[in-house]
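Engineer: what would the 3D arrangement of this be:
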Amino acid sequence: EVQLVESGGGSVQAGGSLRLSCTASGFTFDDQGMAWYRQAPGNECELVSSNYRDGSTSYLDSVRGRFTISQDIPKNTVYLQMNSLRPEDTAVYHCMAGFLPSQYACQGNWGQGTQVTVSS
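Structural biologist: Okay, here's the model as predicted:
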């Protein structure tokens, strides 16, 4: 059974930092790219960042230069370092594995997500 356990969210002021973690189980972690999605109330689920199997990364334009995705294979964990946080980053953040259907990324099917709240 695939499980994705997200943690590290919290409440911070604008300009602050958080590091999200997602520990995966139920599949071969080092065979998969991983990604982070987020959904704010009233908004659609959006892809924030991806870490591909070849080591390349991609970022949503609004977070590029502020967020960094990384993957620790021995720990089966993917991270999202978030710096210079803005109120518009407020959302529930979910991690996803590349083989899972992305249309369900923010529905909590494999993990509960972690809440990030940024106050101005």
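Engineer: which parts of stretch 111-120 are buried?
Structural biologist: Applying a neighbour-count criterion of 16 or more other CB atoms under 10 Å, one finds 111, 113-114, 116, 118 buried in stretch 111-120. Bear in mind the C-beta positions are built from the backbone N, C-alpha and C, glycine included.
Engineer: with stretch 101-112 instead?
Structural biologist: By neighbour count on 16+ other CB under 10 Å, the buried set for stretch 101-112 is 105-106, 110-111.
Engineer: kindly report the same for stretch 83-94.
Structural biologist: Buried residues in stretch 83-94 (16+ other CB under 10 Å): 85, 89-94.
Engineer: go on, stretch 61-81?
Structural biologist: Neighbour counts over stretch 61-81 (16+ other CB under 10 Å) mark 63, 67-69, 71, 76-80 as buried.
Engineer: any idea how far the residue positioned nearest the centre of the chain lies from Ser120?
Structural biologist: In the chain, the centroid-proximal residue (CA atoms, centre = their mean) is Trp36; its distance is 2.7 Å. Trp36 sits at a distance of 23 Å from Ser120 (criterion: CB to CB, to the nearest Å).
Engineer: equivalent analysis for Cys106, please.
Structural biologist: 24 Å.
Engineer: thank you kindly, that will do.
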